[in-house]
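Trainee: below are the sequence and a predicted model for it; my questions follow.
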Amino acid sequence: MTAKPVLARGFSLYLDGMRFAAALLVVLDHFSNYQFSSDQAGPTLFHLLLSGRGAQAVAVFFVLSGFVIAFVVETRERSLRQYAASRLSRLYSVVLPALLLTFLLDAGGALLKPFFYEATTLDGGPATLPGYAASLLLAGEWKLFGPAAFIPGSNSPWWSLSFEGTYYLLAGLLLFAPRRWSVPATILILLLAGPTIAALFPLWLLGFALYHLRHRAPRGVAAGFLLLGSSAALLLIPFVFLIVPDPLPSGFFPWGPSAQDRNLVADGLSGVAFAIQLLAVHALVACEATQPEAITGEALIRRLGSMTFPLYAVHFPALFFLAAVSPFPRSSWSSWLFILNGVLILAALLTMIADPLRNRMRQWLLHMRPVSWRFPLRRASAAGHAP
């Protein structure tokens with residue numbers, strides 16, 4: 001009997017480390033960009049160094065998501081029930097407490113320091129019931145409802161969860177449902193979701209394909225050069241687009257609560273650069289004759305990796321609240337440490353809630369009475385490819 005494929009420990013740690021690094025870049029980008037770190041109205045050096053890193057990190061997240069889904073479908077989530085239970089529990093074990101925490105932080109911050117919340121620029125308007133409802137359903141970014149996204153209160157980065165939820169839905173359709181209706185349903189969903197979600201779906205599909213191409217990458221010295229080149233490209237791409245204007249027409253690819261335009265060229269280049277880096281790291285790890293019994297810092301990296309989704313889901317309302325109540329001058333290191341450490345502590349606490357909740361939700365979903373479908377559902381193919 002063929003053994004189930006596994007990822008080398010070193011490569012798995014790389015994935016966890018990159019997930020957390022991407023989430024941290026989003027936090028730092030927003031921290032520098034929304035006057036949480038300075039009283040200065042214009043851009044600071046800190047802002048210029050981090051400008052574009054948050055958008056780049058989102059592109060990295062989509063590639064990582066597709067890669068991980070390909071792996072789990074091949075190894076664990078071989079049926080629609082297993083896939084749906086795992087994906088829903090993964091999302092809603094964080095979504096539910098994160099929405100509650102967003103509401104509490106916004107309400108508490110606005111009560112304690114109303115001037116700060118009124119004076120600091122927000123991407124969206126005041127909190128609304130439709131904003132929270134659409135956010136709960138992960139449909140706030142769907143252009144079916146208009147050009148600007150619905151967001152929960154101050155939590156403007158929530159927009160990208162609509163992308164992730166949509167890609168999970170599309171993957172489930174393409175992997176487990178009959179093709180005669182899953183393909184038309186996929187096209188319809190992308191039309192309803194809008195051009196930006198559709199335009200970034202290839203990045204997610206790239207990650208899915210990478211999993212099946214991971215053994216074809218060059219090894220040895222060639223892999224080392226690919227790693228260096230792709231890493232340099234990831235560092236330079238945001239700086240290039242600080243100088244080069246977006247070549248795409250304005251208004252075609254809105255995202256977020258203010259109907260901004262995605263720079264799809266920057267997204268695509270960042271996604272491809274990260275894909276090359278991912279393949280190079282896999283090739284270099286695969287060159288090792290034996291896997292080490294212990295890797296320095298493994299427990300810490302695993303813990304940080306588990307914090308990624310909670311950190312992303314609550315960091316923005318946490319930044320607002322902590323910046324509002326900080327007792328230190330906003331431009332001081334004391335204030336920076338107070339705010340950023342507070343964000344990490346809140347994310348760690350949310351992780352402690354979400355992890356056991358995820359396990360309970362998954363078990364509950366797996367043992368629910370099965371739904372009587374009118375069409376025969378298929379298992380994912382042995383290679384994990386979409387049927």
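Mentor: Sure, I can see it.

Trainee: for this structure, which element, helix or strand, carries the lowest mean pLDDT?
Mentor: Every helix and strand of the chain was ranked by mean pLDDT, DSSP states H and E. The lowest is helix 45-50, at a mean of 72.

Trainee: distance of His30 from Leu91?
Mentor: 22 Å (Cβ to Cβ, to the nearest Å). (C-beta placed from N, C-alpha, C; glycine too.)

Trainee: could you find the closest non-adjacent residue to the residue sitting nearest the centre point of the chain?
Mentor: Centre of the chain computed as the mean C-alpha position; nearest residue by Cα atoms, centre = their mean is Phe61, 4.5 Å away. Spatial nearest neighbour of Phe61, excluding adjacent residues (Cβ to Cβ, 6 or more residues apart in numbering): Ala22 at 5.8 Å.

Trainee: then Gly109?
Mentor: Closest to Gly109 by Cβ to Cβ, 6+ apart is Phe321, at 4.2 Å.

Trainee: now do the buried residues in the helix or strand encompassing that neighbour.
Mentor: Using DSSP states H and E, the element containing Phe321 is helix 308-325. For helix 308-325, a neighbour-count test (16 or more other Cβ atoms under 10 Å) marks 308-324 as buried.

Trainee: now swap in stretch 263-280 and tell me
Mentor: For stretch 263-280, by 16+ other Cβ under 10 Å, it's 263-264, 266-280.

Trainee: quick one, what contacts Gln277?
Mentor: Contact partners of Gln277, counting by Cβ atoms under 8 Å, 6 or more residues apart in numbering, are Leu226, Leu227, Ser230, Ser231, Leu234.

Trainee: quick one, strands of the stretch 51-200 of the chain?
Mentor: Here the stretch 51-200 of the chain has no strands by DSSP state E, counting those that start in this stretch.

Trainee: where does the chain have low pLDDT?
Mentor: Applying pLDDT under 70 to the chain flags the ranges 1-5, 39-46, 119-126, 287-294, 370-387.

Trainee: one more time with 80, if that's ok
Mentor: 1-6, 33-35, 38-51, 117-127, 145-148, 245-251, 256-260, 286-296, 368-387 (pLDDT under 80).

Trainee: what segments of it are helices?
Mentor: 9-33, 45-50, 53-75, 80-112, 114-119, 129-136, 159-176, 179-193, 195-213, 221-243, 264-286, 298-306, 308-325, 333-366 (DSSP state H).

Trainee: need the ones you listed in a markdown table with distance to Ser250, can you?
Mentor: Output for the helices of the chain, formatted as a markdown table (distance: least, Cβ to Cβ, whole Å):
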| stretch | distance to Ser250 |
| --- | --- |
| helix 9-33 | 21 |
| helix 45-50 | 23 |
| helix 53-75 | 16 |
| helix 80-112 | 31 |
| helix 114-119 | 29 |
| helix 129-136 | 25 |
| helix 159-176 | 19 |
| helix 179-193 | 21 |
| helix 195-213 | 13 |
| helix 221-243 | 15 |
| helix 264-286 | 12 |
| helix 298-306 | 37 |
| helix 308-325 | 25 |
| helix 333-366 | 33 |
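
Trainee: good, wrapping up.
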